[in-house]
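Visitor: A structural model of the following input is requested.
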Amino acid sequence: QVQLVESGGGLVQPGGSLRLSCAASGFSLDTYTIGWFRQAPGKEREGIGCISSDDGETYQADSVKGRFTISRDNAKNTVYLQMNSLRPEDTAVYYCAARVLGGSYGTWGQGTQVTVSS
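Guide: Sure, this is the predicted structure:
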């Protein structure tokens with residue numbers, strides 16, 4: 001069964017950090033491009049970054065560039081989203097998703113809540 005499971009969300013104060021994990025089962029993450037998305041209440045889902053399957057290159061959206069980084073541990077079949085300098089506007093449900101090169105995101109995790117508040 002192909003599955004992605006996010007973890008690591010929670011409540012953090014502004015300026016704090018969290019690391020989200022996206023663990024895969026049923027397939028190898030290093031053969032897929034893994035994207036991170038978030039959706040805040042009343043807002044559309046936003047793509048915030050991804051890590052490429054072929055060369056491991058990462059991309060971050062302007063809204064998180066310089067604060068969020070994406071990495072991959074092939075041995076653990078897990079992709080991480082390190083979030084630093086968190087702001088209240090980063091509050092959202094965060095999702096990871098997988099796609100093959102040139103394809104669309106077809107496998108999604110269940111999401112993990114991140115709340116940034118004092």
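
Visitor: show me what contacts residue 74?
Guide: The contact partners of residue 74, taken as CB atoms under 8 Å, 6 or more residues apart in numbering, are 28, 29, 30. C-beta: built from backbone N, CA, C; applies to glycine.

Visitor: Spatially nearest residue to the last one (excluding sequence neighbours)?
Guide: Nearest residue to residue 30 in three dimensions, chain neighbours excluded: residue 74, at 4.8 Å (CB to CB, 6 or more residues apart in numbering).

Visitor: cool, and residue 22?
Guide: residue 96 is the one closest to residue 22 (CB to CB, 6+ apart), at 3.5 Å.

Visitor: Doesn't the one you found belong to a strand?
Guide: Yes. Per DSSP: H, G, I helix; E, B strand; the rest coil, residue 96 lies within a strand segment.

Visitor: how deep is it tucked in, by neighbour count?
Guide: 31 (other CB atoms under 10 Å).

Visitor: That one: what's it in contact with?
Guide: 4, 6, 20, 22, 34, 35, 36, 37, 79, 81, 108, 109.

Visitor: May I see the residues you listed organised as a markdown table, with pLDDT, secondary structure and neighbour count added?
Guide: Listed next are the contacts of residue 96 as a markdown table, based on pLDDT from 0 to 100; DSSP: H, G, I helix; E, B strand; the rest coil; neighbours: other CB atoms under 10 Å:
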| residue | pLDDT | secondary structure | neighbour count |
| --- | --- | --- | --- |
| 4 | 96 | strand | 23 |
| 6 | 96 | strand | 22 |
| 20 | 98 | strand | 24 |
| 22 | 97 | strand | 28 |
| 34 | 96 | strand | 28 |
| 35 | 97 | strand | 21 |
| 36 | 98 | strand | 27 |
| 37 | 98 | strand | 21 |
| 79 | 96 | strand | 28 |
| 81 | 98 | strand | 27 |
| 108 | 97 | strand | 15 |
| 109 | 97 | coil | 23 |
